[in-house]
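Q: Below are the sequence and a predicted model for it; my questions follow.
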Amino acid sequence: MLVPSVASATVQFYPIGNTPAISLTRAIPQGQDANILLAGCGDARNILFTAYMQEKSCPRKLDITCCDTEPSILARNIVLFSFIIDHGDDLDSSSLWNMYYHLYLDGSDMECLSSQSKKLVASSEGLEAWKSSVYGSMLPFSDEGTLDDVRAVWLKFAAASTKPDSAQGETFQSHLKRSLADMALRFRSKENGLPLVTTAVRSAAPILTAVQEDVAEEYKHYWKQGTTGFDAPSIPNPMIATSLSEQVALHYGTDPILGFHLATGYAALVEASPLRPEYGHEKFKAVASAKAQFKAWLIACSAMLKARRLVVRFASVDVFAFCHTLQHRDSSAGWYRRQFDSRVLELNVEPGVPRVFDVIDTSNLADHVGTLNLLVSLIPLLAPQPWATLSTETLLKGSSSSDQEILDNLLCGHAPTVSLLLGVSPVEYWTNATAVSTLQEVMLGLSASKTSPAQVHSRISWKHNGSLSGTHASVRVQIKPRELAAIVFQMYLKMFAHENPMAMLTLNGPGSSQYGPTSVFTHFHRGSLMALLKFLGKSTLVADIAEICMELDEMILADKTLVFSSQHAQERGSLFHVHNLFSPDWLRSAIRRSTSAGPFAAWSGIPEVVAVTLVIPRAGVARLYSSSPEARLSAPTFVGSLRSSPTAASQWHNTFGDVHLNFGTVSTSGLATEDGFRVHVDQDENGWSSNAPLIASFYVPTGALQAEPKSALIGLEVQVNPQSLAFYSPVLGPEMLVFQARLDAVKHVFVTKYLPGQKRYPVYCAAPGNFDISTDTPGISGQSRFMAETDLSGKITSIVGRLSQLPQQAEKLLKNKAAVKLRQASPFTVEFVFVDTNVALPMTFPVPVDSRNGRTRVARKSGYVEAVVPFGEPLSLPALTDFMYPSLAAQDVKSGLIPVTLNSPHLALDRLPILNLSDKNSLGWLTSLTSAQFSPREAQAREASQNGGVKSASARLNFKESLFTIFMIASGLQGGQTGLFAIDHPDRGGIHMLLFVSAFRLDGASSSIVLDAAVLPLTISIITSGDVGDFLMTLRTLEICSITVDDDELVLWKRALPALAERGRSWSHKKSCEYAESGKIPLSVEPGESVLCSCGAGRFPDNFVGVPYWEQGAKHATRVAISPTFAVSFVEDVFDFDRFRSLASNEDVPAKERCSNCRATEAKGTGGPLKKCSRCQTAKYCSAECQKKDWRVHRGECAPMLQ
């Protein structure tokens, strides 16, 4: 596995998701078929909601692969889907709700579950039997092992539901009590009562008031009574109860309502609104809301299954084992199915099984296994499509460290550098715009202690760099071996910063990051580093990956900051060899063939690396978990060790982090002195509940075992960090040894060529993926090649774009010594402009760059030009100002050229709940939500602009201000109320477009609101057509809110409109689509010219707006979905938590002033007050350096500069 070997004797069972459902197709154009991978899938809520959000008029097929290491999760989900398949239109959603969510069932529901479980058991006697069953084509298994594991769970369901008895109830009740007691221990609570679980606030967003008390009562009721309603059945639900044991506790946050969008239960909805709850038979509003959604989602899922437009596949394996085996494109890649499992993963290799995916969703796995590990493993599985998206989810710190450091910590390096090398970028980093609100996180953050930073729950969308730039090509960047080695070395220092004593001193201190390198549970061992190197060998243009590894090895050997690094030198060398990166000379030279050098010295072919298997008596392991009540819940990280005997003349100690663990007994085949010697582990299925010994296996250098072929000590240790030393050293001693044995202890130590049961080394990053691209990329201007320049500090300082094979006219100008300068055409495109001519050659880079700080290199004889440019900065690059909701043109096999939005989540407008706006007193939350569009930096600029009586020079800020006005006026919360708006530029001909607001709809998946509206661009062709005269004349008599814009904001509106139209598209683009004909999206941003294609014109539901002569205007109008636009937390601060806390506590204390650039609260070095901008006296800075960095942004906001 790619993560350290953490051994938790007591784990938590998560049968129910605790975050609101999202649409898995939110990044995919409507109607586009998609293969989707759910890595760490959890419950079925996202699949059900995705089915609900499909447009009936744009049907598509979805093939979803669910990967989860816990078989019980998949078993539950298949029960649900099989129930939907069996019952179709006669589906009883109430019974299915009870079976899927309740802790206790009545006799009727138990009978239903018993019948369904027995059907599944009968259909799953083997993989072929399952394939031929009614479920096989719609719910296939990825391998025989998954079927076996899931069937074992169904057998438990069937047995428990057939013969329920009172003993089951008593056992289940004791398990629930212990789950709460464990929670009290984990959080050091003095009471064993129910905790105050506040996460329901997330599910209720965007409505954040009058919710918490109600959902808190529902939570207590659920855990006390075991249901969400009035009934109190007493039979334990096998779907949950059979998964609990002395070692498995139900997670204390389990609550059925958390996976739904609870705002519908607390908002005033119109009578005909979708998902309007019925409260009559429910005790809690939140439950009524959740049940209404559950029913609607089931109906939609049933329709897709019935139409054979949905396939859900299942794999119960470790996510890394699954991904790297898929990459290998063979049934096996030498991986075990999971930790604590002796079976080798062998996938079914069949035609039609997806190997690459349009969407990869990782849920919150990043918190547990690391974002970098996930990216390295999953990027090669991301389809080479412009809409392909890899989503990660994490809990980010909202303060304490700079926002840039958040992304740097996730990637263990300079974020733009690492993203460029990986070939993907977080879309939101470059747009700094999202329709997804995190205002609900403020509510949760306010409940955090004043000394710990608040947390922001975020999803990050990673896309191929070519998709962002519009080139749709994954271009590999050329980089010198030593420079790449230096970058990886800096990443290495962050990956293993827990081995740095200075970092360990600050562990969990005020400046530490929970998901940075100093977290208690680390995400990496040396095998993780090998996977990264294997990946970079394919994603970059390097002459020889072995040379990079050798350079890196030298840097690591010379490093003195990681005190434990030398102990891992043997492991590092072994893994370099195992993964075919390079073989250090000492691996081979250290091997001896003397018979006194160990039994394997007689092997006919002695490998450089061998596997060691250690059998640890159960008592040695058990003492770790029995020393105290807290110890039972502990989760030590185990590492293998090889050390000299106590009497050896030279004392040495080597540790190995890539360890496979299992409970069972060892058997062997062959003789230890022969090559064919094998070790087999007979796994004990009872695992932690058994008395079987612990089996630990890992690779070591052959020569290291021969240093002391009999007396050297093989052991298992607990990884050292301050927490583990404090907790385990009283039990294990300062060496942290769990168990060790001499090499010649034949009952405890076994040496083989490969790990038990394996026939090969594990394969990492085998797929060429999307990196099999030629060095030079052809374009209209010539051949493009990209090279990276670094300063050996772990950062790329500049990207060199070389344009060769130029057009004849350009070559002639070069020979005539024409001057060449750079001009920025877009965030990604730089033009080589030949001075005093009309010749400009565009070159599109894989990431945004800043030509203002660039320079040219001209090779007149060789006939090429180069642009040497640094990365663009999201907050200061002018070309990124209107890069808020970009849309790109993409080629589709079925539809031809179609628009692809980069960061506008697609939704089915007609399926979203509709707000009733008549009660203004209940809409206060809407003001808070739309005000949250403005980051603290923007709020400061906004205030300065308003105080100065001038319009801001920032088009982005003005765009958000216009949105705020539209939401406030359309809702009637400020000013008069109207749903008609005119985007007006007095200096450019007046009104350029009209907006007609039809409805305010709740968008629970985005924790926000969306305007269901129509846009009518007033182009010259429409105005002169003669068929909108009556309509336009009538509008003069209606109340219209005029939104005054300037040039830049008008262009931004026009660039955003295609994405706003695509978001809620319920129609298909025509073959004659203007986008396809022109190849441009939008069509134009020039005054009077068409912005949108005509495919969506006139496509509205009946009674969309109540405007006279609407049928005239509707013919030329297009439906759009408009949401508030929020800043992104890892680009800049999105909330001023100090201010919110002071407001919440009614303290008469002003919020802390912050540096406008880095958000510091005091001067650098001196710790004194911040310095003011000498011009406006409003912006404040901690240093001259920060003021200089911020000037590009601030000069557009500084009031005196604007006058």
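A: Done, it's in.
Q: did I read that right, residue 661 in a strand?
A: Yes: assigned with DSSP: H, G, I helix; E, B strand; the rest coil, residue 661 falls within a strand.
Q: Nearest residue to the middle of this structure?
A: residue 392 (0.5 Å; Cα atoms, centre = their mean).
Q: just checking, what packs against the helix or strand harbouring that residue?
A: For residue 392, the host element (DSSP states H and E) is strand 389-397. When contacts are defined as 3 or more Cβ pairs under 8 Å, 6 or more residues apart in numbering; DSSP states H and E, strand 389-397 packs onto strand 359-361, helix 365-369, helix 371-378, helix 403-411, strand 455-464. No exception for glycine: its C-beta is placed from N, CA and C like everyone else's.
Q: hmm, back to that, which residue packs closest to the residue nearest to the centre of the chain, ignoring adjacent ones?
A: Using Cβ to Cβ, 6 or more residues apart in numbering and skipping the chain neighbours, the partner closest in space to residue 392 is residue 366 (4.6 Å).
Q: how about the one you found, what does it touch?
A: By Cβ atoms under 8 Å, 6 or more residues apart in numbering, the contact set of residue 366 is 374, 392-394, 410, 515.
Q: Return the member of those residues nearest to residue 586.
A: Residue 586 has its nearest neighbour among the contacts of residue 366 in residue 374, at 33.4 Å by Cβ to Cβ.
Q: Quick check, pLDDT for that closest one.
A: Residue 374 carries a pLDDT score of 98 in this model.
Q: What separates the first and last residues of stretch 907-920, distance-wise?
A: Stretch 907-920 has an end-to-end distance of 27 Å (criterion: Cα to Cα, to the nearest Å).
Q: Quick check: mean pLDDT of stretch 795-806?
A: Across stretch 795-806, the average pLDDT comes to 95.
Q: Pull out the buried positions in it.
A: Neighbour counts using 16 or more other Cβ atoms under 10 Å place 795-796, 798-804, 806 of stretch 795-806 among the buried residues.
Q: How about stretch 822-840?
A: Within stretch 822-840, the residues that qualify as buried are 822, 824-834, 839, counting by 16+ other Cβ under 10 Å.
Q: Helix 371-378 and the strand holding residue 392, what's the angle between them?
A: 170 degrees (axes from the mean of the first three to the mean of the last three Cα atoms, to 10 degrees).
Q: mind saving the C-alpha coords of strand 389-397 as PDB?
A: Provided in PDB are the C-alpha atoms of strand 389-397 (Å, rounded to 0.1, in the frame of the first residue of the first chain):
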ATOM      1  CA  THR A 389     -12.400  15.900 -13.600                       C
ATOM      2  CA  LEU A 390     -10.700  14.400 -10.600                       C
ATOM      3  CA  SER A 391     -12.300  15.700  -7.400                       C
ATOM      4  CA  THR A 392     -10.700  15.600  -4.000                       C
ATOM      5  CA  GLU A 393     -12.300  16.700  -0.700                       C
ATOM      6  CA  THR A 394     -10.600  17.900   2.400                       C
ATOM      7  CA  LEU A 395     -10.900  19.900   5.500                       C
ATOM      8  CA  LEU A 396      -8.700  23.000   5.100                       C
ATOM      9  CA  LYS A 397      -7.500  25.300   7.800                       C
END
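Q: Could you double-check that residue 430 sits in contact with residue 468?
A: Yes: counting by Cβ atoms under 8 Å, residue 430 touches residue 468, with 6.6 Å between them.
Q: what's the overlap in contacts for these two?
A: Both residue 430 and residue 468 are contacted by residue 847, under the criterion Cβ under 8 Å, 6+ apart.
Q: give me the low-pLDDT residue ranges for the stretch 701-850 of the chain?
A: Screening the stretch 701-850 of the chain residue by residue with the criterion pLDDT under 70, one finds the ranges 768-781.
Q: can you give me the strands for it?
A: According to DSSP state E, counting those that start in this stretch, the stretch 701-850 of the chain carries its strands in the segments 713-718, 737-742, 749-752, 777-779, 782-790, 796-804, 820-824, 829-834, 840-844.
Q: For residue 1028, which of those is the nearest?
A: Smallest distance to residue 1028 across the strands of the stretch 701-850 of the chain (Cβ to Cβ): 37.0 Å, for strand 829-834.
Q: what lines up beside that closest one in the sheet?
A: For strand 829-834, the paired strands and their directions (DSSP bridges) read strand 820-824 (antiparallel), strand 840-844 (antiparallel).
Q: quick check: angle from the last one to strand 796-804?
A: Strand 840-844 and strand 796-804 are oriented at 130 degrees to each other (the same axes, to 10 degrees).
Q: what's the following helix or strand after strand 840-844?
A: strand 855-859.
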